[in-house]
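K.L.:
Give me coordinates for this.
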Amino acid sequence: MAAFDLKTALSLFPIVNREEDIIKSLLDGIEFYKTVLRSEDHPLLINFILKTRLSSGAKLKLKTNYDSISDLTGDIKKFLLPNKSYTFILAQLQKCRQGNRTILEFGDEIERLFIELTIAQAGGLNTAYEILLPINEKTAVKQFARGLNNDRLSMIITCREISQVREAITIAIEEENERLSLNSETCYRIQSRNYYTKYNHAYNKNYKPRFFNKGQVRYNGSNVQTQRNQQMHSKEGRAFFRSKRINYVGETADNNNSEENETSLEFFRE
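P.N.:
Down below sits the predicted model:
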């Protein structure tokens, strides 16, 4: 057993205010330090709590001196912790819905409510708390499944034999992540298919190629033939595209070479 240490006590016990979590943290610290502290130093711990860890309003509700640490913690629970009716907590649990919150946030709220409900129903009796805890947790799991936004997740949680709220939260998060990954993969496949349909003429049977300024394209059934033309400039500044294959009716580029059966297409510069 250890002796009372002021530095340890200062770091372990928070200053009490109206927040319920702070009061519970103080009670947990007292219960822990009680197990490692020597019995002859218990009055020092009681005096330290009463003089330094309580607010002015809390001091008015408690006695100025206590014979045991158990009496001190009992009065702190009785006078400082808010008394909540278990019917009110049960009504909050039954009305709880996910709404705009994440699955984890909603699950934490359900877990907090069912623990508070169990504490309120137990009335400080450990045996009653141990009996009521699994019963209320099953009710909390059903309410968690009922309050989810996704009906598919609600059905999964309801059909499985889940007895713990934390397990239900984990399963719901895993199922939701799997659903989101499948949806993203499906969208990617649809986009890829649409891109292939739009830009690949081998897939689209009705595709016909375009005509480009610097080349002639001829479409013969399913075969596409592209012929590059040789560009030359005349003295007048005109651009001619000479081709050895006649695909369009055009003017003869050179009258002196008409016997070569060559045809040119005339394009004016922009």
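K.L.:
distance of Q164 from V141?
P.N.:
Distance of Q164 to V141, computed by C-beta to C-beta, to the nearest Å: 7 Å. Where you see a C-beta, it was placed from the backbone N, CA and C, and this is true even at glycine.
K.L.:
Settle it for me: which of those two has more neighbours?
P.N.:
Between Q164 and V141, counted using other C-beta atoms under 10 Å, the more crowded position is V141 (25 against 14).
K.L.:
can you tell me which residues contact that one?
P.N.:
Going by C-beta atoms under 8 Å, 6 or more residues apart in numbering, V141 touches 157, 162-165, 168.
K.L.:
Just the ones of those in helices?
P.N.:
If you go by DSSP state H, the contacts of V141 have 157, 165, 168 in helices.
K.L.:
Select from those residues the one having the most neighbours.
P.N.:
The residue in the ones in helices among the contacts of V141 with the most neighbours, by other C-beta under 10 Å, is A168 (27 neighbours).
K.L.:
Just the C-alpha atoms of the strand or helix carrying A120, please, in CSV.
P.N.:
Following DSSP states H and E, one finds A120 within helix 103-122. C-alpha atoms of helix 103-122 as CSV (Å, rounded to 0.1, in the frame of the first residue of the first chain):
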residue,chain,number,x,y,z
ILE,A,103,-23.4,5.2,-37.5
LEU,A,104,-20.7,5.4,-34.8
GLU,A,105,-22.1,8.6,-33.3
PHE,A,106,-25.6,7.1,-33.2
GLY,A,107,-24.3,3.9,-31.7
ASP,A,108,-22.5,5.8,-28.9
GLU,A,109,-25.7,7.6,-28.1
ILE,A,110,-27.6,4.4,-27.8
GLU,A,111,-24.9,2.9,-25.6
ARG,A,112,-24.8,5.9,-23.3
LEU,A,113,-28.6,5.8,-22.9
PHE,A,114,-28.9,2.2,-22.1
ILE,A,115,-26.1,2.4,-19.5
GLU,A,116,-27.8,5.4,-17.8
LEU,A,117,-31.1,3.4,-17.9
THR,A,118,-29.4,0.5,-16.1
ILE,A,119,-27.9,2.7,-13.5
ALA,A,120,-31.1,4.4,-12.8
GLN,A,121,-33.0,1.1,-12.5
ALA,A,122,-30.4,-0.5,-10.3
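K.L.:
in that helix, what's buried?
P.N.:
In terms of neighbour count (16 or more other C-beta atoms under 10 Å), helix 103-122 has its buried residues at 103, 106-107, 109-122.
K.L.:
Nice, that's everything, thank you.
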